[in-house]
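>>> Build the 3D model from these lines:
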Amino acid sequence: MTRIVGIVLIIVGAILLYFSYEASQSLASEVSEMATNEPTDNTIWYLIGGVAAVIIGLYATIRGK
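Numbering: from 1, shown residues only. Got it, this is the predicted structure:
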């Protein structure tokens with residue numbers, strides 16, 4: 001059961017990382033990055049959530065029983 005949850009978390013993390021990439025390529029993000037030299041908050045939160053989900057998912061998959 002833990003491995004299934006881990007695999008689901010890896011998939012959700014990959015989707016969030018994809019959304020992070022798409023958000024970073026948007027027009028609003030490009031303009032914000034030009035003005036402040038930082039990505040938008042949405043991009044950062046998608047990135048943090050995606051990385052966290054992938055790491056937790058990998059741990060659950062490897063250590064799962």
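>>> Only C-alpha atoms from now on, for both contacts and neighbour counts.
Will do.
>>> ok, Asp41 to Thr2 distance?
32 Å (Cα to Cα, to the nearest Å).
>>> Between the two, point out the one with more neighbours.
With neighbours defined as other Cα atoms under 10 Å, Asp41 and Thr2 compare such that Thr2 has more, 15 against 12.
>>> distance of the nearest residue to that one once chain neighbours are set aside from Val51?
Excluding the flanking residues, the one nearest Thr2 by Cα to Cα, 6 or more residues apart in numbering is Gly64, at 5.0 Å. Gly64 sits 19 Å away from Val51, going by Cα to Cα.
>>> between these two, who's got more neighbours?
Taking neighbours as other Cα under 10 Å, Gly64 and Val51 compare with Val51 leading, 17 against 14.
>>> residues contacting the nearest residue to Gly6 once chain neighbours are set aside?
Using Cα to Cα, 6+ apart and skipping the chain neighbours, the partner closest in space to Gly6 is Gly57 (3.9 Å). For Gly57, the contact set (Cα atoms under 8 Å, 6 or more residues apart in numbering) comprises 5-10.
>>> Narrow those to those in helices?
Assigned to helices by DSSP state H, the following of the contacts of Gly57 qualify: 5-10.
>>> where does this protein dip in pLDDT?
The model of the chain has pLDDT under 70 over residues 65.
>>> Hmm, Leu17 and Thr43 touching each other?
No: with contact defined as Cα atoms under 8 Å, Thr43 does not count as touching Leu17 (9.2 Å).
>>> Any idea which residue is closest to the centre of the protein?
Nearest to the centroid of the C-alpha atoms of the chain, with distances taken as Cα atoms, centre = their mean, sits Gly50, at 2.0 Å.
>>> how close does it sit to Val31?
For Gly50, the distance to Val31 - Cα to Cα - is 24 Å.
>>> can you check Thr61 too?
With Cα to Cα as the criterion, Thr61 and Val31 are 39 Å apart.
>>> Kind regards, and thank you for your time.
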